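Peer 1: fold the following for me, if possible:
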Amino acid sequence: MLTSVELGGDLRQQALAVLAPMIGLPVEKVRISKRGALIVDLGAPKRMQTYVRGEWRIGIFNSAWRLGAGGRVLVGSGDDWRRAAEAMQDLLIPPLSTFEIDESLLDSNFYFENLRLQIFPLYTGPDDRFDAWTVWMPSEQQLRVGPGPRLRIDGEMDHSAASAG
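Peer 2: Just a heads-up that it's a prediction; the model follows:
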């Protein structure tokens, strides 16, 4: 696994460098959709045209995910959305302490002190509509991971992890 400490020149390390400013930011809001998507807002609230989100937002729409602590699973993407939302309602999530991205840009882990958010991409095909996960940055750009070993920023930069090293 690559971690935020191992910053360098290849594509995966560039992704880690882009995401590094999220470390230490408080979790402002967590939301689970009826379809099991997870949205985590970090940092100060940022007013958009029709809603408020965190400075940084992690969105997991096309991947399975699981939140655990102390060797046990608290909630996962396959849970009934009402039960999942209820489980998250009283959960105090500490600031992001670190993260890691698998060398192939597939599985990823975000650590919030004793909590671990695991992301397991499901789709590896060529259709760009099925990102494994996305991060909205304060600049309003999006870092889009997947499908498969791909990384894009706002859809303009399209790189394959296979060609990155």
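Peer 1: from here on, contacts and neighbour counts on C-alpha atoms
Peer 2: Fine.
Peer 1: residues contacting the residue nearest in space to the middle of the chain?
Peer 2: Against the mean C-alpha coordinate of the chain, by Cα atoms, centre = their mean, the closest residue is residue 58 at 4.3 Å. Contact partners of residue 58, counting by Cα atoms under 8 Å, 6 or more residues apart in numbering, are 38-41, 133-136.
Peer 1: reformat those as CSV; add secondary structure.
Peer 2: Shown next, in CSV, are these (DSSP: H, G, I helix; E, B strand; the rest coil):
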residue, secondary structure
38, strand
39, strand
40, strand
41, strand
133, strand
134, strand
135, strand
136, strand
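Peer 1: now the strands: where do they sit in the chain?
Peer 2: Using DSSP state E, the strands of the chain run over 2-3, 27-32, 38-47, 52-60, 63-69, 72-76, 98-101, 108-112, 115-121, 133-136, 142-145, 150-153, 157-160.
Peer 1: out of the ones you listed, the one nearest residue 90 is which?
Peer 2: Residue 90 lies closest to strand 27-32 among the strands of the chain, at 10.8 Å (Cα to Cα).
Peer 1: other SSEs contacting that closest one?
Peer 2: strand 38-47, helix 81-89 (3 or more Cα pairs under 8 Å, 6 or more residues apart in numbering; DSSP states H and E).
Peer 1: tell me which of the ones you listed lies nearest to residue 111.
Peer 2: strand 38-47 (12.6 Å).
Peer 1: given that closest one, what are its sheet partners and their directions?
Peer 2: strand 27-32 (antiparallel), strand 52-60 (antiparallel) (DSSP bridges).
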